[in-house]
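[1] Pasting a predicted model and its sequence here:
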Amino acid sequence: MKKKDLNKNEEFYKREDFYKNLVRKQNAIKEQIKLGGGQKAIDRQHGKGKLTARERIAKLIDEGSSFFELNTFCAHDMYAEYGGAPSAGTVMGIGKISGRNFMIVANDATVKAGAWFPITAKKNLRAQEIVLENRLPVIYLVDSAGVFLPLQEDIFPDKEHFGRIFRNNAQISAKGIPQLSAIMGPCVAGGAYLPIMSDEALIVEGEGSVFLAGSHLVKAAIGENIDNESLGGARVQSNISGVTDYLMKDDDECISKIRSLSNKFGENSKAGFNRTDSQPPKEDPNEIYGILPDDTIKQYDMYQLIARIVDNSELDEYKAGFGKTIITAYARIDGWAVGIVANQRTIVKSENGEMQIGGVIYSDSADKATRFIMNCNQKKIPLLFLQDVTGFMVGSKAEHGGIIKDGAKMVNAVANSVVPKITIIVGNSFGAGNYAMCGKAYDPRFIFAYPNAKISVMGGAQAGNVLLDIKLKQMKSQGKDFSEEDKHKLLKEIIDSYEQKSTALYAAARLWVDEIIDPIKTREYVSMAINVANGNPEIPKFNVGVIQT
């Protein structure tokens, strides 16, 4: 691996302190989110003899195993006018049951009785997308009051709204992917279709209920007087209607039954991605904190980061001396073979003595990355993109050299890639660089971000100056003028607003990334992602279509 020895100087320790503090803050926000609707709501749940969503999941997965929660920060700082919706009132992620990976989706009844906000539907659709892409069996733990009515127009009628979930239930079933549902609380109206469109449904006596219309609506619609339990309680739906398949006395028995049912599933064939015995990196992963910059415009050596992620800190680098602002290399992570495509943000000197700016994709870098991505598809090697990119090179020299054509080739290869793609936004993710390095629009199987990541069409300073110039021209056309002090104040306000909307937390709240991860846990998340992806043996033939060489 082409890297210098790590210099643990004052700057290293400054960066380390900054990043450790950033991770601490991120973890504190996460712990607050995991309280859902708050301690009082948790106490009310316990008072009913019910477990919370995360307690149910903890009992469901194998003892001692990890639950990789995804989209934890979903809806963070959103819906403030309604009191917020931590994690969008739904907990989702991947856990092992009897040693097998499962997608688990659980309504959090402590958040607005598990009601569905618009972003809740989007989060559930993302869970189903992961299920379909990876042929991952899924368990739904249902405990929801249904659609959050004040926002029904943003959740009900459109293609990517609530109804898409039931359509996906049908397609998941048609593909032979197991679905189990446990009705552990209310299950109302359209939401009733989710558990019943699963392969099998369990229901908890005294708490679970399922009906298309509750007793109040039945009274209003047809004049019938009936209570909810008699209408669609656990015994009615299990013993009279036959809608549900297993009648459970409480949460614990229900969870135990799910484990018993799921451990009898047959095994499917695998994709067959190459894996050998895992070897830890020779370089200490804890040093990542001191390698990553405290300011995303500062330089650092991506080789140093990679050395603390890959097995034995070893790479087989492809075209090492060419297109140096992108690193392309074969390696192993937790034994899994991977092809790494990473932006190199250090300043490097080219053959003719010109300086190249790190984080920018040049024609030679794009050409190299394109060829490497095609190689990985030919060899059935999953791709790992480590994003820290400010975009493609601009200017007359770049344009005359065909940067648009070379950039298009790279985007084409990424878009048509058939092997699993895993993306980690390490630092900046700006403009078309986000696309070329497999941003969310390019269907990575999983996309994660480090806490200091920035995602936007351009950097805050550049955007601030552009927006300020537009604002000043508008004011001038109205016959108004600004003092230099006013200009500086306005520029700061613009940049601060822009930067706030570029953060990893802002992105995670809106599901632009699947999770914000602690950098020293990168190996765990990448290994989990490839392990899950290995469950789908169906890899289409790779074809990039028309691509100019």
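    Received, thanks. Numbers count the residues shown, from 1 in each chain.

[2] From here on, just use CA atoms for contacts and neighbour counts.
    OK.

[3] Not including adjacent chain positions, what is the nearest residue to residue 160?
    Leaving aside its sequence neighbours, residue 160 sits nearest to residue 122 (Cα to Cα, 6 or more residues apart in numbering; 7.3 Å).

[4] Surely that neighbour touches residue 159?
    No - in terms of Cα atoms under 8 Å, residue 122 does not count as a neighbour of residue 159; the distance is 11.0 Å.

[5] Show me which of those two is the more surrounded one.
    Taking other Cα atoms under 10 Å, residue 122 and residue 159 do not tie; residue 122 has more neighbours (22 against 10).

[6] May I see the buried residues of whichever helix or strand the residue nearest to residue 160 is part of?
    Element membership of residue 122 [criterion: DSSP states H and E] is helix 118-134. When burial is assessed from 16 or more other Cα atoms under 10 Å, helix 118-134 yields the following buried residues: 118-134.

[7] which stretches of the stretch 101-250 of the chain form strands?
    Using DSSP state E, counting those that start in this stretch, the strands of the stretch 101-250 of the chain run over residues 138-144, 179-188, 200-204, 209-211, 246-248.

[8] Just put the ones you listed in a markdown table and tack on distance to residue 339.
    Shown next, in a markdown table, are these (distance: least, Cα to Cα, whole Å):
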| stretch | distance to residue 339 |
| --- | --- |
| strand 138-144 | 29 |
| strand 179-188 | 33 |
| strand 200-204 | 40 |
| strand 209-211 | 48 |
| strand 246-248 | 46 |
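
[9] Now tell me which of these the model trusts least on average.
    Out of the strands of the stretch 101-250 of the chain, the stretch the model trusts least by mean pLDDT is strand 209-211, with a mean of 89.

[10] on contacts alone, who are the packing partners of it?
    Under the contact criterion of 3 or more Cα pairs under 8 Å, 6 or more residues apart in numbering; DSSP states H and E, the helices and strands touching strand 209-211 comprise strand 179-188, helix 228-232.

[11] residues in contact with the most centrally placed residue in the chain?
    By Cα atoms, centre = their mean, the chain has its centre lying nearest to residue 514, at 0.9 Å. Applying Cα atoms under 8 Å, 6 or more residues apart in numbering, we find residue 514 in contact with 70-71, 446-448, 508.

[12] Among these, which one has the most neighbours?
    When neighbours are taken as other Cα under 10 Å, the top entry among these is residue 448 (28 neighbours).

[13] Work out for me the element the closest residue to that one other than its chain neighbours sits within.
    With sequence-adjacent residues excluded and distances taken as Cα to Cα, 6+ apart, residue 448 is closest to residue 424, at 4.7 Å. Mapping residue 424 onto the secondary structure by DSSP H and E places it in strand 421-430.

[14] Now do that strand, average pLDDT.
    Per-residue pLDDT values across strand 421-430 average out to 96.

[15] Am I right that residue 342 is in a strand?
    Yes - looking at residue 342 with DSSP: H, G, I helix; E, B strand; the rest coil, it is inside a strand.

[16] Need the pLDDT of it.
    Note on residue 342: pLDDT of 98.

[17] My guess is it contacts residue 301. True?
    No - with contact taken as Cα under 8 Å, residue 342 and residue 301 are classed as non-touching, separated by 10.9 Å.

[18] tell me the contacts of residue 360?
    Contact analysis of residue 360 by Cα under 8 Å, 6+ apart lists 325, 343, 345, 389-393, 433.

[19] Okay, now the unreliable bits of this protein?
    Within the chain, the set of residues satisfying pLDDT under 70 comprises 1-4, 190, 346-358, 460, 463-464, 547-549.

[20] which ones are touching the residue nearest to residue 387 when sequence neighbours are not counted?
    The spatially closest residue to residue 387, leaving aside those adjacent along the chain, is residue 425, at 4.7 Å (Cα to Cα, 6+ apart). Contact criterion Cα under 8 Å, 6+ apart gives 386-388, 447-450, 453 as the residues in contact with residue 425.

[21] if we go to 10 Å?
    By Cα atoms under 10 Å, 6 or more residues apart in numbering, the contact list for residue 425 reads 385-389, 434, 437-439, 447-455, 504, 513, 516.

[22] Could you identify the buried members of these?
    Among these, those scoring as buried are 385-389, 434, 437-439, 447-455, 504, 513, 516 (criterion: 16+ other Cα under 10 Å).

[23] Wait, residue 509 touches residue 76, no?
    Yes - Residue 509 lies in contact with residue 76 (Cα atoms under 10 Å); the separation is 5.0 Å.

[24] Mind listing the shared neighbours of the two?
    Common contacts of residue 509 and residue 76, defined by Cα under 10 Å, 6+ apart, comprise 86-88.

[25] who wins for most neighbours among these?
    Going by other Cα under 10 Å, residue 88 tops the shared contacts of residue 509 and residue 76 with 33 neighbours.

[26] what's the closest non-adjacent residue to residue 536?
    residue 134 (4.9 Å).

[27] can I assume the one you found is in contact with residue 421?
    No - under the criterion of Cα under 10 Å, residue 134 makes no contact with residue 421, lying 11.9 Å away.

[28] Overlap in contacts, these two.
    Overlap between the contact sets of residue 134 and residue 421, as judged by Cα under 10 Å, 6+ apart, is given by 445, 529-530, 533.

[29] follow-up on the earlier one: now the contacts of residue 360 in a markdown table, please, with extra columns for distance to residue 109 and secondary structure.
    Compiled in a markdown table, the contacts of residue 360 are given as follows (distance: Cα to Cα, whole Å; DSSP: H, G, I helix; E, B strand; the rest coil):
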| residue | distance to residue 109 | secondary structure |
| --- | --- | --- |
| 325 | 48 | coil |
| 343 | 43 | strand |
| 345 | 45 | coil |
| 389 | 40 | strand |
| 390 | 42 | coil |
| 391 | 43 | strand |
| 392 | 46 | strand |
| 393 | 50 | coil |
| 433 | 40 | helix |
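
[30] Looking at the residues you listed, which is nearest residue 234?
    For these, the closest approach to residue 234 (Cα to Cα) belongs to residue 433, at 52.8 Å.

[31] For the residue nearest to residue 182 when sequence neighbours are not counted, give me its contacts.
    Using Cα to Cα, 6+ apart and skipping the chain neighbours, the partner closest in space to residue 182 is residue 202 (4.6 Å). Neighbouring residues of residue 202 by Cα under 10 Å, 6+ apart: 141-142, 180-184, 195-196, 208, 234, 238, 243-248, 254-255, 257-258.
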